[in-house]
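Student: Structure, please.
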Amino acid sequence: MALGKDYTGQDCTLARALEVVGERWTLLIVRDAFYGVRRFSDFLVHLDMPRAVLSARLSTLVEHGVLAKEGHEYVLTEAGLSLWPVVHGLACWGEQNFGELGPHRLFVHADCGTRIAPDGTCPTCGGAPVRPADLEIHPGPSAGLRDDAVSKALRTPHRMLTPIET
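Tutor: Now for the predicted structure:
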């Protein structure tokens with residue numbers, strides 16, 4: 001019996017969420033949107049994925065209200081922004097379990113310059129969750145040396161959600 005491609009028949013909110021964000025590449029697209037990637041061409045070059053797959057994943061994210069298309073750009077909606085704890089949590093989990101060289105990116109509270117904790121709070125500012133718009137991305141010790149325009153732009157500190165300049 002072949003494995004199904006969806007979670008039809010599952011009476012579970014996690015299964016329904018995975019229908020939207022659980023396919024390969026999808027969370028990387030969402031991650032890049034938090035980093036400030038907005039244009040199809042920038043997602044394509046930074047993720048190095050097939051054009052047809054990117055198009056399908058972006059369509060799904062727009063259809064389900066995670067991203068909105070504004071002209072030639074894709075921006076996170078409120079539903080998309082609410083995925084930040086998931087994206088950050090998975091990145092921290094990956095760092096803890098597979099990050100022998102240290103984190104690829106550091107997330108710093110822009111107001112005080114402190115790296116946020118794995119739970120998304122700022123230890124310096126009283127432990128309140130920090131919104132993505134109040135974070136800066138800094139290259140970590142394992143930041144790659146890819147040569148695409150997005151990777152180059154992310155080599156310097158950058159405010160989250162602010163469109164990157166490529």
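Student: Report the rounded mean pLDDT for stretch 31-49.
Tutor: The average of the pLDDT scores along stretch 31-49 is 97.
Student: From the chain's centroid, how far away is that stretch?
Tutor: 10 Å (Cα atoms, centre = their mean, to the nearest Å).
Student: before we move on, what about stretch 78-87?
Tutor: For stretch 78-87, the distance to the chain centre is 9 Å (Cα atoms, centre = their mean).
Student: and the end-to-end length of that stretch?
Tutor: 15 Å (Cα to Cα, to the nearest Å).
Student: Go ahead and confirm residue 95 touches residue 106.
Tutor: No. If you go by Cβ atoms under 8 Å, residue 95 and residue 106 don't touch, sitting 10.1 Å apart. To be clear about C-beta, it is placed using only N, CA and C from the backbone, and glycine gets the same treatment.
Student: who touches the residue nearest the centre of the chain in this structure?
Tutor: Central residue of the chain (Cα atoms, centre = their mean): residue 31, 1.0 Å from the mean position. Residues near residue 31 by Cβ atoms under 8 Å, 6 or more residues apart in numbering: 87, 91.
Student: One more: residue 92?
Tutor: For residue 92, the contact set (Cβ under 8 Å, 6+ apart) comprises residue 118.
Student: ok, now the one 4 residues further on?
Tutor: For residue 96, the contacting residues are residue 118, by Cβ under 8 Å, 6+ apart.
Student: Pretty sure it sits in a helix.
Tutor: Yes. In this structure, residue 96 lies within a helix as judged by DSSP: H, G, I helix; E, B strand; the rest coil.
Student: what about it, distance to residue 89?
Tutor: Per Cβ to Cβ, to the nearest Å, residue 96 is found 11 Å from residue 89.
Student: Please identify every residue contacting each of these two.
Tutor: Common contact partners of residue 96 and residue 89 (Cβ under 8 Å, 6+ apart): residue 118.
Student: what's around residue 114, how many residues?
Tutor: A count of nearby residues for residue 114, using other Cβ atoms under 10 Å, gives 14.
Student: and the nearest residue to it once chain neighbours are set aside, what is it in contact with?
Tutor: The shortest distance from residue 114 to any non-neighbouring residue, by Cβ to Cβ, 6 or more residues apart in numbering, is to residue 124 (4.1 Å). Listed by Cβ under 8 Å, 6+ apart, the contact set of residue 124 reads 109, 112, 114.
Student: try it again with 10 Å
Tutor: 109, 111-116 (Cβ atoms under 10 Å, 6 or more residues apart in numbering).
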